[in-house]
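*Asks:* got a structure for you, letters missing:
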């Protein structure tokens, strides 16, 4: 059970990395627009299908592996430029893992936020990851 919890912690940390990168890219792209349009509301609570939750669990497992690998590389990076390259490469791999699971990044992030707020959903996803 601790391994699964650690796995989801890593996935959620990775989700944060993806969201931060996506927000930074979006903010840069929208900088000429009205600042009010760059603010995003928190996603509304949603009911996700079992298929989406399974896809999330599959992607989360792969992201945990990617996160571990790139965390080690990040610690070995010698300067800020190299660290940024490692972060960018890790982010691209994580986005690819999510998309390969059949989800888009926004849905993956929404599920990640939902399971943080819903212990029952977290247990369902953990069960899916174990099987």
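*Replies:* Structure received. Since the structure is predicted, the reported quantities are computational estimates derived from the model, not experimental observations.

*Asks:* who are the neighbours in contact with the nearest residue to residue 58 once chain neighbours are set aside?
*Replies:* Distances taken as C-beta to C-beta, 6 or more residues apart in numbering put residue 101 closest to residue 58, at 4.9 Å, once the chain neighbours are dropped. For every residue, glycine as well, the C-beta is placed using N, CA and C. Going by C-beta atoms under 8 Å, 6 or more residues apart in numbering, residue 101 touches 55, 56, 58, 59, 62, 108.

*Asks:* So the fourth one sits against residue 96, correct?
*Replies:* No. Under the criterion of C-beta atoms under 8 Å, residue 59 lies out of contact with residue 96, with a separation of 9.9 Å.

*Asks:* re the thing from before, if you rank the contacts of residue 101 by neighbours, which is first?
*Replies:* residue 56 (31 neighbours; other C-beta atoms under 10 Å).

*Asks:* contacting residues around that residue?
*Replies:* 48, 101, 103, 108, 111, 112, 115, 125.

*Asks:* Which positions in the strand or helix carrying it come out as buried?
*Replies:* Per DSSP states H and E, residue 56 falls inside helix 50-76. Buried residues in helix 50-76, counted by 16 or more other C-beta atoms under 10 Å: 52-64, 66-67, 70, 73-74.

*Asks:* Residue 78: what secondary structure?
*Replies:* coil (DSSP: H, G, I helix; E, B strand; the rest coil).

*Asks:* And for it, the neighbour number?
*Replies:* Residue 78: 7 neighbours (other C-beta under 10 Å).

*Asks:* From residue 66, how far off is it?
*Replies:* Distance, residue 78 to residue 66, by C-beta to C-beta, to the nearest Å: 21 Å.

*Asks:* in the one helix or strand residue 100 maps to, what's buried?
*Replies:* Using DSSP H and E, residue 100 sits in helix 80-101. For helix 80-101, burial by neighbour count (16+ other C-beta under 10 Å) applies to 86, 87, 90, 91, 93, 94, 95, 97, 98, 101.

*Asks:* possible to save the residues you listed as TSV with distance to residue 121?
*Replies:* Formatted as TSV, these follow (distance: C-beta to C-beta, whole Å):
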residue	distance to residue 121
86	32
87	29
90	26
91	25
93	26
94	21
95	23
97	21
98	18
101	17
